[in-house]
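Student: Okay, sequence plus prediction incoming.
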Amino acid sequence: ANLSDGFVSIMESKSEVKPQRAFEDEIDNSNVRGVPRGDGLVGVMDASALATWRAACEAVAVSVEGEEGEEGGVGPRPFPHPLAEAIGAIDFDDAVDDATVPSPPPAMEDTPLLFVDTVEELEALASSLGDGSVGELAVDLEAHNYRSFQGFCCLMQLSTREKDVLVDVLKLRKHVGRCLGPVFADGKIVKVLHGSNGDIGWLQRDFGVYVCNLFDTGVAAKALKYESNGLGYLLERLCGFKADKRWQLADWRIRPLHAQAIHYARADTHFLLYCYDVLRQALAEMGGDVLAGVWEESRRISLTVYEKELMAPGSFYEIYKRMEGKSGALTERQLSVFAAVYGWRDGLARSLDESPGYLMPRGQLYHLACKCPKTKRELDAVLKAKNKVLLSRTSDLLAVIGRALKDTSMARRAMNGELRVGPKEPSTTSAPIAATATATASSLYGNLGIVMPTVAPVPLRVVQKTSLGNMSKPKRPLILDEDEEEHEGDAARVAASS
């Protein structure tokens, strides 16, 4: 932590405040598919169409039918996108032919900054963005998922050609979908995001907001074969702005926002429309269908529908195989402990709304599996835990390890390729996909005395709600997968801990 400039990393933050306890919507961390939110679709779709879409989503959520994937496997049926028809109907020919000459934005100190943290301000913002005067809107989100299972958005950054806007979505979470949903669904406004895969899902997960007419500058940078697809590289290359990458790992729950946090956050969108202009021009100069291809890939991303992470019976084995080359192979007994503790950690994280990486980083989980501790002293020596959650559950953890050492059938089945690994079943399976995958996980782990949360939603609200007014106000503190290319530097090191 560097308190002098306001920076507090997610790994070092001492804050025990959990803003999600004040959310009026209940968070569903159960190990079953959830129905997509539609808060932001009110006013976008008529009541009948909205009801039809919700019914279709509910049918998919309980479906036992699978769908062929690109790699020959069978996965659960995807949820229908509510704006699929509108997104598919967008004609990008005019955008491809647009020869707008890029004009650098004014300096940030010469650009109006609007901080929105009241319902009245949010409604006024939505009105100004939807009055037909805005043709392009730069968007970014800062999120937190270290002390939360699925994560949640903390701050939204928006920029038009005239102003920058920061929206405190922690405080206004309940109203974001209703107010901004129509703006994001408006096909006449180009939404410019960078590395938008995560943002598209977060908007849907937290606010029921769906994006129509997306241009992803990360996709454009990749098409241009830049040295890096990261936003920091793009800002430095095209705008001469060097972002402080530490803020990618900041604890964005903290309020009030420090001046440096505001400076970093607004820069993510302040320059983005200029980057959009420069990138389109460069892509057009390449000729062929390169620019059209970027628009189409952006369209594909916008058509994805958020799904929370579910644990399948063989999820542990997928993680193990990714670690095996670097950390070494495990015996059947060791892998049995790895599997059992992996499942125990997942269930505990869901029920407490914590990230698995916060409870026990992967490296620590692997080390524990190697040692197979049988006593509290041996367990303490392996964990060296300062985590209060683990310290209060050592007897439970030892019991899980003990049962895993007695029954290694789960590890044996994984080694023999008999367990479902990842989102797809082998194409030869006749097992119902969506309905049975998590039930099978619950059954297998149940044999080891581990209860997987399968009842939705997980109640997180408290009777005496926490006030957000006395919290500190706040680029993206993510606990990511090791292979995610959008983030660089320290973010990758944090990723490896989850």
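Tutor: Ah, there it is. This one's a predicted model, so the numbers in the text were calculated from it and none came from an experiment.

Student: For whichever strand or helix holds Phe316, buried residues please.
Tutor: Per DSSP states H and E: Phe316 is located in helix 315-327. Of the residues in helix 315-327, those buried by neighbour count under the rule 16 or more other Cβ atoms under 10 Å are 315-317, 319-320, 323. (Glycine included, C-beta is placed from N, CA and C.)

Student: Could you list the alpha-carbon positions for it in PDB?
Tutor: Taking Å, rounded to 0.1, in the frame of the first residue of the first chain, the C-alpha atoms of helix 315-327 are listed here in PDB:
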ATOM      1  CA  SER A 315     -12.900 -28.900 -12.800                       C
ATOM      2  CA  PHE A 316     -10.100 -29.600 -10.300                       C
ATOM      3  CA  TYR A 317      -8.300 -31.800 -12.800                       C
ATOM      4  CA  GLU A 318      -8.300 -29.100 -15.400                       C
ATOM      5  CA  ILE A 319      -6.600 -26.800 -12.900                       C
ATOM      6  CA  TYR A 320      -4.200 -29.500 -11.900                       C
ATOM      7  CA  LYS A 321      -3.100 -30.200 -15.500                       C
ATOM      8  CA  ARG A 322      -2.400 -26.600 -16.000                       C
ATOM      9  CA  MET A 323      -0.100 -26.600 -12.900                       C
ATOM     10  CA  GLU A 324       1.500 -30.000 -13.300                       C
ATOM     11  CA  GLY A 325       4.200 -29.000 -15.800                       C
ATOM     12  CA  LYS A 326       5.500 -26.300 -13.500                       C
ATOM     13  CA  SER A 327       4.800 -27.700 -10.100                       C
END
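
Student: could you give me the average pLDDT of it?
Tutor: When pLDDT is averaged over helix 315-327, the result is 94.

Student: After that helix, which helix or strand is next?
Tutor: Reading on from helix 315-327 to the C-terminus, the next helix or strand found by DSSP H and E is helix 332-352.

Student: angle of that next one against helix 315-327?
Tutor: Put simply, helix 332-352 runs at 120 degrees to helix 315-327, going by axes from the mean of the first three to the mean of the last three Cα atoms, to 10 degrees.

Student: Can I get the next helix or strand along the chain from helix 332-352 as CSV, trimmed to CA atoms?
Tutor: Following helix 332-352 in sequence order, the next helix or strand is helix 356-359 (DSSP H and E). As requested, the backbone C-alpha atoms of helix 356-359 are provided in CSV (Å, rounded to 0.1, in the frame of the first residue of the first chain):
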residue,chain,number,x,y,z
PRO,A,356,-11.3,-19.0,-3.9
GLY,A,357,-8.0,-17.2,-4.2
TYR,A,358,-8.6,-15.2,-1.1
LEU,A,359,-9.4,-18.3,0.9
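
Student: Output the contacting helices and strands for helix 356-359.
Tutor: Judged by 3 or more Cβ pairs under 8 Å, 6 or more residues apart in numbering; DSSP states H and E, helix 356-359 is in contact with helix 332-352.

Student: and the helix it packs on, how far from the chain's centre?
Tutor: 22 Å (Cα atoms, centre = their mean, to the nearest Å).

Student: who's in contact with Glu85?
Tutor: The neighbourhood of Glu85, defined by Cβ atoms under 8 Å, 6 or more residues apart in numbering, contains no residues.

Student: Help me confirm that it is found in a strand?
Tutor: No - membership of Glu85 in a strand is not supported by DSSP: H, G, I helix; E, B strand; the rest coil, which gives helix.

Student: Need the per-residue pLDDT for it.
Tutor: With respect to pLDDT, Glu85 has a value of 97.

Student: separation between it and Ala49?
Tutor: Spatial separation of Glu85 from Ala49 under the definition Cβ to Cβ, to the nearest Å is 10 Å.

Student: where does the stretch 1-150 of the chain dip in pLDDT?
Tutor: Across the stretch 1-150 of the chain, the stretches falling below the confidence threshold (pLDDT under 70) are 1-5, 64-74, 94-99.

Student: which residues of it fall in strands?
Tutor: Secondary structure of the stretch 1-150 of the chain (DSSP state E, counting those that start in this stretch): strands located at 66-68, 74-76, 113-116, 136-144.

Student: right, so those: which one is the most enclosed?
Tutor: Burial among these, expressed as mean neighbours by mean count of other Cβ atoms under 10 Å, is greatest for strand 136-144, which shows a mean of 25.

Student: how far out from the middle of the chain is that strand?
Tutor: Relative to where its chain is centred, strand 136-144 has its mean C-alpha point 13 Å off (Cα atoms, centre = their mean).

Student: Show me what it is packed against.
Tutor: Contact partners of strand 136-144 among helices and strands, from 3+ Cβ pairs under 8 Å, 6+ apart: strand 152-159, strand 190-193, helix 197-207, helix 259-270, helix 272-286.

Student: neighbouring contacts of the shortest one?
Tutor: It stands for strand 190-193. Counting by Cβ under 8 Å, 6+ apart, 95, 135-140, 184, 199-200, 211-217, 272-273, 275-276 sit against strand 190-193.

Student: Rounded mean pLDDT for that strand, please.
Tutor: Averaged across strand 190-193, pLDDT comes to 98.

Student: and which of the buried residues of helix 315-327 is nearest Pro106?
Tutor: Each of the buried residues of helix 315-327 was checked against Pro106 using Cβ to Cβ; the closest is Ile319, at 47.5 Å.

Student: quick one: the closest one from Ser13, how far?
Tutor: The gap separating Ile319 from Ser13 is 26 Å, by Cβ to Cβ.

Student: low-scoring pLDDT stretches of the stretch 301-450 of the chain, where are they?
Tutor: Counting by pLDDT under 70, the stretch 301-450 of the chain contains low-confidence residues at 420-450.

Student: Kindly reformat the strands of the stretch 1-150 of the chain as a markdown table containing distance to Leu155.
Tutor: Listed next are the strands of the stretch 1-150 of the chain as a markdown table, based on distance: least, Cβ to Cβ, whole Å:
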| stretch | distance to Leu155 |
| --- | --- |
| strand 66-68 | 36 |
| strand 74-76 | 32 |
| strand 113-116 | 10 |
| strand 136-144 | 4 |
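
Student: Many thanks, we can stop here.
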